[in-house]
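> give me a 3D structure for the following:
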Amino acid sequence: MLQKAASHRATTGNLNFVLVSVFIDVIGIGLIVPVMPPLVGQFVQGRDEQALWYGILATVFGLLQFVFMPMLGAISDRVGRRPVLLYSMGGMCLNFLVTAMAPSLAWLFLGRVIGGVSAASMSVAMAYASDVSTPENRAKSFGKIGAAFGVGFICGPMLGGLLGEISLALPFYAAALLAGVNLVYGYFFVPESLPAATREPFSWQKVNPFYALRKLLARRAIRGLVIVFALTTFGQIMTQTTWVLYTTFRFGWTPRDNGIAMFCVGLAAAVVQGGLISLLIRRFGEVRLSVMGLASGAITFVLYGLATEGWMMYVFICCNLLAFAAGPALQGIVSREAGPGEQGELMGSLQSISSLAVVVTPLIGTSILGAVSHLPANDWRIGSSFFLSAAMQAIAVLVAVRWFRQRHMTS
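Numbering: from 1, shown residues only. Got it, this is the predicted structure:
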């Protein structure tokens, strides 16, 4: 009994580290979201160059993250979670410091490279949580990590926007401080979670970022839903990437304005996914809820692009609550198409779509926005990137409806 209690306390302490680590990391990342585009604007001339270089920097970060995240995950299977987590925290701290002190665009590029090759904390944190949780408690542990991620992303952008009003560099120094605190905490107080006896040899197959995508597309039974998930994810990430530039060009928003808006988006997502999702699924069923959420997102993207006043964006955010339920509902449907032993691999494969979207969509969205940036602020074409997101979401609705009808699924 005493041994079991001690084991429980150790497991709780380890999991608490993971929660704190994820929360601090996400706050650090969220801090820089409202200020990165205007910071890029300080080193270029014209809105078109600002949009182009912001897209390039975002794509570089996403590409390196796409390549290095599975590699660092495989390395953590070989050498343990702790050293990889510490490496990631140190790399992110250096990334933020380099960006904060950047005297030129080249330094911003260097910061993105450092950040991309060290951005593995989330995936390794999930593995750490899996190590220290029992099979029965694993889903609950993952849920706590998701909640820590959500709360961090609610707080981070708003804090970053407020600090960015004082100085564009200040949020990066704050993010570096948080990453440094996380590094010190992890170094002194966190034990290794993966016993040496259970570590696996390094495999190049595991580090291939396209391996999971190929396996996912090989699942013919759910290929239609995979296409739906991909279209939805690409549209959402394109909107997220271009949001700050769009609202700056369209409404003259400051980092503070964007921080507040992102706070509202994060809060709405947390309310729906953390509190209302069970009620909505009981009321509509996963099938209808996913279609309704996708349709709501498509309509809202169009409205974002047509908005003529900044206050309209807040109204559209509040009217788009169903869209935040579409992703969980789709994942629930997909999970039913796989066996119990395939759940982890399947969810990880779906995550690889998001990683690929972070590589592809920033440059596409910012290139479109750069091409129309010379137009008057009230010209409807300024919202072209949002219209493309809406088109992808609308196609996703059609594919989803067709897939559900073929299988006679209504709830």
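
> domain parsing for this structure?
The chain breaks down into these domains under automatic domain parsing: 1-188, 208-411.

> now the first one: average pLDDT?
What that stands for is domain 1-188. Domain 1-188 comes out with an average pLDDT of 79.

> can you give me the strands for the stretch 1-150 of the chain?
Per DSSP state E, counting those that start in this stretch, the stretch 1-150 of the chain carries no strands over any range.

> report the contact partners of residue 294.
228, 232, 323, 326, 393, 396-397, 400 (C-beta atoms under 8 Å, 6 or more residues apart in numbering). For every residue, glycine as well, the C-beta is placed using N, CA and C.

> now go through the residues you listed and say which are in helices.
228, 232, 323, 326, 393, 396-397, 400 (DSSP state H).

> how about those in CSV, adding distance to residue 132, pLDDT and neighbour count?
Below are the ones in helices among the contacts of residue 294 laid out as CSV (distance: C-beta to C-beta, whole Å; pLDDT from 0 to 100; neighbours: other C-beta atoms under 10 Å):
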residue, distance to residue 132, pLDDT, neighbour count
228, 34, 90, 29
232, 33, 91, 28
323, 34, 90, 25
326, 32, 85, 28
393, 38, 94, 28
396, 37, 94, 28
397, 41, 94, 22
400, 37, 91, 25
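
> is it possible to get JSON lines of these that adds distance to residue 248?
Formatted as JSON lines, the ones in helices among the contacts of residue 294 follow (distance: C-beta to C-beta, whole Å):
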{"residue": "228", "distance to residue 248": "32"}
{"residue": "232", "distance to residue 248": "26"}
{"residue": "323", "distance to residue 248": "23"}
{"residue": "326", "distance to residue 248": "28"}
{"residue": "393", "distance to residue 248": "24"}
{"residue": "396", "distance to residue 248": "28"}
{"residue": "397", "distance to residue 248": "30"}
{"residue": "400", "distance to residue 248": "34"}
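
> and which of the residues you listed is nearest residue 252?
Within those, the smallest distance to residue 252 is 26.6 Å, found for residue 323 (C-beta to C-beta).

> how close does that closest one get to residue 28?
27 Å (C-beta to C-beta, to the nearest Å).

> give me the number of residues near residue 64?
19 (other C-beta atoms under 10 Å).

> ditto for residue 166
Residue 166 has 11 neighbours, counted by other C-beta under 10 Å.

> and if you look at residue 49?
Residue 49: 16 surrounding residues under other C-beta under 10 Å.

> same question for residue 67.
Neighbours of residue 67 using other C-beta under 10 Å come to 16.
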